[in-house]
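[1] sharing a model that was predicted from the sequence below.
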Amino acid sequence: MPVCGLSRLLAQRIVCARVTGVDLILVWDENRAVACERVCPHEQADLSLGYLSAGRLFCPRHVASFDLRNGRISMGWPSRPLRIYPTRIDGDQVLIDVAAIRPPAV
Ligand code: FES
């Protein structure tokens, strides 16, 4: 499913999206697109307000960071990993595998 134009992602580096009821962010870092959940799994900060550096997404609240390859949080923080979702690029579109996205529990 297309969720964002590649040129927009290259310009903004962090883009918000909502897919099947789940709030996500797309990020561009180290020459690849990564999709992940928007809400920080530590204490629910908005990760779209964070920043990227060297393959990591830094949370704006506590400045813990997540490895964008596997979602692991930086050492010492009590949190599950960040959920990462598969993406691919087709022309100027970034696509997400919708089947991999789990809607929030109700
Ligand atoms: S809320 Fe994101 S690291 Fe604490």
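    Received it, and whenever you're ready, just let me know what you need. Numbering: from 1, shown residues only.

[2] may I ask which helix or strand encompasses the residue nearest in space to the middle of the chain?
    For the chain, the residue sitting closest to the mean C-alpha position, by CA atoms, centre = their mean, is Cys36 at 2.7 Å. Element membership of Cys36 [criterion: DSSP states H and E] is strand 32-37.

[3] would you map the strands across this protein?
    Along the chain, counting by DSSP state E, strands occupy 2-5, 14-19, 22-29, 32-37, 51-53, 56-58, 65-67, 84-85, 87-90, 93-96.

[4] rebuild those strands as CSV, extending it with mean pLDDT.
    Output for the strands of the chain, formatted as CSV (pLDDT from 0 to 100):
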stretch, mean pLDDT
strand 2-5, 93
strand 14-19, 96
strand 22-29, 95
strand 32-37, 96
strand 51-53, 95
strand 56-58, 97
strand 65-67, 97
strand 84-85, 94
strand 87-90, 96
strand 93-96, 96
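
[5] tabulate those (JSON lines), appending distance to the ligand.
    Where you see a C-beta, it was placed from the backbone N, CA and C, and this is true even at glycine. Shown next, in JSON lines, are those (distance: least, CB to the nearest ligand atom, whole Å):
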{"stretch": "strand 2-5", "distance to the ligand": "23"}
{"stretch": "strand 14-19", "distance to the ligand": "15"}
{"stretch": "strand 22-29", "distance to the ligand": "13"}
{"stretch": "strand 32-37", "distance to the ligand": "11"}
{"stretch": "strand 51-53", "distance to the ligand": "12"}
{"stretch": "strand 56-58", "distance to the ligand": "9"}
{"stretch": "strand 65-67", "distance to the ligand": "8"}
{"stretch": "strand 84-85", "distance to the ligand": "16"}
{"stretch": "strand 87-90", "distance to the ligand": "22"}
{"stretch": "strand 93-96", "distance to the ligand": "22"}
